[in-house]
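Colleague: What follows is a predicted structure for the sequence shown.
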Amino acid sequence: MKLPSFLFATLALAAPLPVSAAEPHGTATATGHLQIIEPLAPRVWLIRQAEPFQLQPVGNVTLIEQADGLVLVDSGGSPGSGRRVVDLVRSVSSKPLKAVLVTHWHGDHPLGLPAIVAAWPQARIIAHARTRDHLLGPPMADYPKGAPDPEADAKMAEQADGAAAFLARNAADPALSEAERAGFARTLAAFRSLRSDMEGAFVVVPTETFDDSLRIDDPEVPVDLLHLGRANTDGDAVAWLPRQRIVVAGDMVVAPIPFGFGSFPAEWIEALGRLRALEFALLVPGHGRPQADAAYLDRLVGLIAETRAQVAPLAAQGLDLDAVRARVGLSAQKALFAGDDPWLGRWFDAYWVRPMTEAAWREANGLEIVQPGS
């Protein structure tokens, strides 16, 4: 049993809103692992992990209210996270949940589904066809399918304990900066929550798939599910609300530090171009705060392009991956995304530079790019 491989690569026009829904509010575990819900537009809310940046991520969840029920985009990163999502959904609407879009296979987006289908067993679970394949296949092979498994729970707890020990050592390491030690301490608290949150985790298999597009229609808040091309994963799906001009991008866009594991550099740039062409008024990333313009998206395109530009000539010289990694320098881009924060800088190196250099090297050499764990 493994936690998501990207996590351990280095060691997640409506009636007026009721008063209780008009301001952000949240729910937390005993260790302060907080998720909050905040309105984005009439009938649209975002459930997100509280800041600051967490090493243990929990993907954003978007809630959309239609005339005959609710639609969720993603579900949280564990059964415990999913239970908090259920509570937050019910805090703003009494309507039944009718559908969930799983934007991609990374565990911090679909593993809240056990709690959600327990609350709303008739809900449609929708994903791109390749995402369904990954949920059933090697990237998620260590998670039980369809029902919990006590043996799997025990293995998960053991692994979480090992990660917690690593985090505790780093939180107390005097060689690290104060910002890094504080970041590891926050992450340690999150892992203590994760240990219990993951109990009973299993993969809920999507009940339906699509290849290019699928509409969940509504007179006021229609939702178009779109596959804009291979990007962060090969099955990325986005939700487009054309009347509200809100796009929910999944991990095609992640802030403040993007994830580069198993990604498709050239095609990602093309897919982001299609995303930008929607001319959205608000972009909801897979992690981080909503974005009211395309500035961060353009910065991400520039980062991918610069990574490819540095890697391609080195690959053309016949250098192996280790040699290419030793020569790639993205310090200017690191400053754009992490500033002078050593905690963010550490994870820019781990979550972007190392995995994305490999993806660009494989692309330049004409090698297959596979999803982590495949």
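Modeller: That came through, no problem. Numbering: from 1, shown residues only.

Colleague: Which parts of stretch 126-145 count as buried, going by neighbours?
Modeller: For stretch 126-145, burial by neighbour count (16 or more other Cβ atoms under 10 Å) applies to 126-128, 130-135, 139-140, 142-144. Bear in mind the C-beta positions are built from the backbone N, C-alpha and C, glycine included.

Colleague: farthest-separated two in those residues?
Modeller: Ile126 and Asp142 (23.9 Å; Cβ to Cβ).

Colleague: Just give the number of residues close to Arg230.
Modeller: 18 (other Cβ atoms under 10 Å).

Colleague: ok, now which ones touch it?
Modeller: Contacts for Arg230 (Cβ atoms under 8 Å, 6 or more residues apart in numbering) come out as Asp236, Phe264, Glu267, Trp268, Ala271.

Colleague: how much space is there between it and Ala266?
Modeller: 9 Å (Cβ to Cβ, to the nearest Å).

Colleague: can you give me the strands in the stretch 1-150 of the chain?
Modeller: 25-28, 34-41, 44-49, 61-66, 69-73, 97-102, 124-128 (DSSP state E, counting those that start in this stretch).

Colleague: In a markdown table: these, plus mean pLDDT.
Modeller: A markdown table is the format used below for the strands of the stretch 1-150 of the chain (pLDDT from 0 to 100):
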| stretch | mean pLDDT |
| --- | --- |
| strand 25-28 | 62 |
| strand 34-41 | 91 |
| strand 44-49 | 94 |
| strand 61-66 | 98 |
| strand 69-73 | 98 |
| strand 97-102 | 98 |
| strand 124-128 | 98 |
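
Colleague: Indicate which one of these is closest to Leu344.
Modeller: Between the strands of the stretch 1-150 of the chain, strand 44-49 lies closest to Leu344; by Cβ to Cβ that is 15.3 Å.

Colleague: Spatially nearest residue to Gln310, not counting backbone neighbours?
Modeller: Val328 (5.1 Å; Cβ to Cβ, 6 or more residues apart in numbering).

Colleague: Return the set of buried residues in stretch 262-277.
Modeller: Buried residues in stretch 262-277 (16+ other Cβ under 10 Å): Gly262, Ser263, Phe264, Pro265, Ala266, Glu267, Trp268, Ile269, Ala271, Leu272, Leu275.

Colleague: Going by distance to Thr187, which of those wins?
Modeller: Gly262 (22.5 Å).

Colleague: The closest one falls within a helix, correct?
Modeller: No: assessed with DSSP: H, G, I helix; E, B strand; the rest coil, Gly262 is coil; it does not lie in a helix.

Colleague: Could you report the neighbour count for the closest residue to Val44 other than its chain neighbours?
Modeller: Of all residues not flanking Val44 in the chain, Ile64 sits nearest, at 5.6 Å (Cβ to Cβ, 6+ apart). Number of residues near Ile64 (other Cβ under 10 Å) recorded here: 26.

Colleague: Give the bridge partners for Ile64, please.
Modeller: Val44, Val71 (DSSP bridges).

Colleague: measure it to Gly162 for me?
Modeller: Counting by Cβ to Cβ, the gap from Ile64 to Gly162 is 39 Å.

Colleague: Serialize the contacts of Arg230 to TSV and add fields for secondary structure.
Modeller: Putting those into TSV (three-state DSSP) gives the following:
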residue	secondary structure
Asp236	coil
Phe264	coil
Glu267	helix
Trp268	helix
Ala271	helix
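
Colleague: in the stretch 51-200 of the chain, which spans are helices?
Modeller: 79-90, 113-119, 129-136, 150-171, 178-197 (DSSP state H, counting those that start in this stretch).

Colleague: list the buried ones in the fourth one?
Modeller: Spelled out, it's helix 150-171. Buried, per 16+ other Cβ under 10 Å, within helix 150-171: Ala152, Asp153, Met156, Ala157, Gln159, Ala160, Ala163, Ala164, Phe166, Leu167, Asn170, Ala171.

Colleague: Then stretch 313-323?
Modeller: So for stretch 313-323, counting by 16+ other Cβ under 10 Å, buried means Leu314, Ala315, Leu319.

Colleague: Out of those, which sit inside helices?
Modeller: Under the assignment DSSP state H, the buried residues of stretch 313-323 contribute Leu314, Ala315 to helices.

Colleague: what's the closest of the buried residues of stretch 313-323 to Arg308?
Modeller: Ala315 (10.0 Å).

Colleague: who touches the closest one in this structure?
Modeller: Val324, Ala360, Trp361, Ala364, Asn365.

Colleague: one step back: out of the contacts of Arg230, which is nearest to Asp218?
Modeller: Using Cβ to Cβ, Asp236 is the member of these that sits closest to Asp218, with 23.4 Å.

Colleague: Test my guess that the closest one contacts His134.
Modeller: No: between Asp236 and His134 there is no contact under Cβ atoms under 8 Å: 11.4 Å.

Colleague: Return the residues in contact with the residue lying closest to Ala41 once chain neighbours are set aside.
Modeller: Leaving out its chain neighbours, the residue that sits closest to Ala41 by Cβ to Cβ, 6+ apart is Gln244, at 5.0 Å. Neighbouring residues of Gln244 by Cβ under 8 Å, 6+ apart: Ala41, Val44, Val221, Ala281, Leu282.

Colleague: per-residue confidence for Gln244?
Modeller: In this prediction, Gln244 carries a pLDDT score of 98.

Colleague: One more: Gly32?
Modeller: At Gly32, pLDDT is 46.

Colleague: mind starting the numbering at 18 from now?
Modeller: New numbering, starting at 18: the last item is Gly49.

Colleague: Enumerate every residue touching Gln350.
Modeller: Gly319, Leu320, Glu323, Thr324.

Colleague: And it, how far from Pro59?
Modeller: Distance, Gln350 to Pro59, by Cβ to Cβ: 38 Å.

Colleague: what's the answer for Gln83, then?
Modeller: Gln83 is 12 Å from Pro59, by Cβ to Cβ.
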